[in-house]
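1. Structure here, sequence nowhere to be found:
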């Protein structure tokens, strides 16, 4: 979850975080998706942030081979890796923000409203628009009745020709 929305960004932000542990390092991968980007609110961006934390390893002084980790070394490496996650990786993610303020102010509500009236959006998209922009399908009953009338007309024509 983003901690700072200093630019009043209307877009919806999701983040998935993956932690991979290898013998010599931890790898943190975060995938951010910024959806419903103004002005038409129908675009998205994907951003991937990767960071790597290398462990303090016990090496054999003669062969430079890795020795087995002791419990206290593992505990120390875990604490340092978690600190890296909190203080470096997540701060990078929180620092990502939209810089084009003008596009954030301008939202083409009329175009979005027409598309909502024509029921061209998914349920999730309509839910986002209703909650954030107070846009929801209006006068959709006219479209529904028109659609049903065309179906009934087609069925009546079919019945008249075949029966």
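-> Structure's in. What do you need? Not measured: the values here are computed from a predicted model.
2. and after the helix or strand of the chain with the lowest mean pLDDT, which helix or strand comes next?
-> Taking all helices and strands of the chain together, the one with the lowest average confidence (mean pLDDT, DSSP states H and E) is helix 101-105, at a mean of 53. Once the chain leaves helix 101-105, the next helix or strand it forms, by DSSP states H and E, is helix 109-117.
3. next one: the helix of greatest length in the chain to chain centre, how far?
-> As far as residue count goes, and with DSSP state H defining each element, the longest helix of the chain is helix 140-162. Here helix 140-162 shows a centroid-to-chain-centroid distance of 41 Å under the convention CA atoms, centre = their mean, to the nearest Å.
4. now swap in stretch 68-88 and tell me
-> Here the centre of stretch 68-88 is set off from its chain's centre by 29 Å, with CA atoms, centre = their mean.
5. where along this protein do the strands fall?
-> Secondary structure of the chain, counting by DSSP state E: strands at 12-21, 25-37, 43-54.
6. what about the shortest one, average pLDDT?
-> Confidence over strand 12-21, taken as the mean pLDDT, stands at 88.
7. Enumerate the positions of it that are buried.
-> By neighbour count, and taking 16 or more other CB atoms under 10 Å as the criterion, the buried residues in strand 12-21 are 12-13, 15. (C-beta placed from N, C-alpha, C; glycine too.)
8. Also the last one?
-> Buried residues in strand 43-54, counted by 16+ other CB under 10 Å: 49, 51, 53.
9. Which strand residues bridge the last one?
-> Applying DSSP bridges to residue 53 yields these beta-bridge partners: residue 26.
10. quick one: pLDDT of it?
-> 92.
11. Domains in this structure, by residue range?
-> According to automatic domain parsing, the chain comprises the domains 12-105, 109-162.
12. pLDDT below threshold where in this protein?
-> Scanning the chain for pLDDT under 70 picks out 1-9, 39, 59-61, 63-64, 99-106, 163.
13. give me that answer again for 90
-> Applying pLDDT under 90 to the chain picks out residues 1-15, 21-24, 33-45, 55-78, 85-86, 90, 92-147, 158-163.
14. rewinding a little: looking at the buried residues of strand 43-54, spot the one nearest residue 34.
-> The nearest member of the buried residues of strand 43-54 to residue 34, counting by CB to CB, is residue 49 at 12.9 Å.
15. How about that closest one: what's its closest non-neighbour residue?
-> Beyond its immediate neighbours in the sequence, the residue positioned closest to residue 49 (CB to CB, 6 or more residues apart in numbering) is residue 30, lying 4.6 Å away.
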